[in-house]
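[1] got a predicted structure here, sequence first:
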Amino acid sequence: MAKDSIKILQTNKKAYFNYEVVEDFEAGIALEGTEVKSVRMSRFSFGDSYVKITSSGLLLVALHISPYSHGSINNHEPERERRLLVHRQEIKRMKRKVDEKGMTLIPTLVYLKGNLVKVRISLCRGKQAHDKRNAIKDRDMKRDLRREMKNFNR
């Protein structure tokens with residue numbers, strides 16, 4: 001297995017539906033002992049998670065990581081704020097874009113890179129209701145087209 005092999009654990013499909021992704025960033029995530037094992041088993045959910053920029057760095061808010069099933073009394077708290085590990089210059093660049101353009105930072109992907117847990121955070125702009133309707137219509141049309149092609153090839 002290569003050193004930088006990537007294994008995708010989960011994708012935030014709700015974020016891609018509700019937001020238009022403008023730019024992506026890679027960040028490490030500071031996890032406690034049993035959190036790593038739960039994440040490796042894909043026992044987490046994005047929900048309405050987002051990234052908050054503070055003076056001390058980036059915080060991942062509302063990412064639910066279920067307690068490890070074989071953990072002891074020292075299991076982690078499921079919905080604590082977790083620090084994201086990003087270079088200071090990237091944080092400054094993100095803060096500028098969020099402040100001036102009214103965008104938000106959303107976690108869109110959690111994956112393993114080698115044996116490290118990484119998060120892809122995306123700079124996003126909210127979609128309007130008509131954009132969401134168009135996305136649903138396009139998805140339905142593609143599904144119908146695939147169904148027709150499958151029946152035609154039989």
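    Structure received.
[2] all contacts plus neighbour counts: C-alpha atoms, from now on.
    Noted.
[3] so which elements touch the helix ranked longest in the chain?
    For the chain, the helix that runs over the most residues, judged by DSSP state H, is helix 129-152. When contacts are defined as 3 or more Cα pairs under 8 Å, 6 or more residues apart in numbering; DSSP states H and E, helix 129-152 packs onto helix 13-18.
[4] quick one: average pLDDT of the helix it packs on?
    Per-residue pLDDT over helix 13-18 has a mean of 92.
[5] run through who's touching that helix.
    With contact meaning Cα atoms under 8 Å, 6 or more residues apart in numbering, helix 13-18 is reached by 106, 108, 126-127, 132, 135.
[6] how about that helix as PDB, C-alpha atoms only?
    What follows is helix 13-18, C-alpha atoms only, in PDB (Å, rounded to 0.1, in the frame of the first residue of the first chain):
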ATOM      1  CA  LYS A  13     -23.900  15.000   0.200                       C
ATOM      2  CA  LYS A  14     -26.200  17.500   2.000                       C
ATOM      3  CA  ALA A  15     -23.500  20.200   1.600                       C
ATOM      4  CA  TYR A  16     -23.300  19.700  -2.100                       C
ATOM      5  CA  PHE A  17     -27.000  20.000  -2.400                       C
ATOM      6  CA  ASN A  18     -27.400  23.100  -0.200                       C
END
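[7] flag every buried residue along that helix.
    15-16, 18 (16 or more other Cα atoms under 10 Å).
[8] from the chain's centre, how far out does it sit?
    10 Å (Cα atoms, centre = their mean, to the nearest Å).
[9] show the subsequent helix or strand relative to it.
    strand 19-29 (DSSP states H and E).
[10] circling back: from the contacts of helix 13-18, which would you call buried?
    Neighbour-count burial (16+ other Cα under 10 Å) applied to the contacts of helix 13-18 gives 106, 108, 126.
[11] just send the residues you listed back as CSV, with secondary structure and distance to Ile29 too.
    Output for these, formatted as CSV (DSSP: H, G, I helix; E, B strand; the rest coil; distance: Cα to Cα, whole Å):
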residue, secondary structure, distance to Ile29
Ile106, strand, 14
Thr108, strand, 14
Gly126, strand, 25
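[12] quick one: low-confidence parts of the chain?
    Filtered on pLDDT under 70, the chain yields the residue ranges 1-3, 72-73.
[13] change it to 90
    1-5, 32-35, 37, 47, 66-80, 100-102, 115, 127-132, 135, 150-154 (pLDDT under 90).
[14] perfect, I'm done here.
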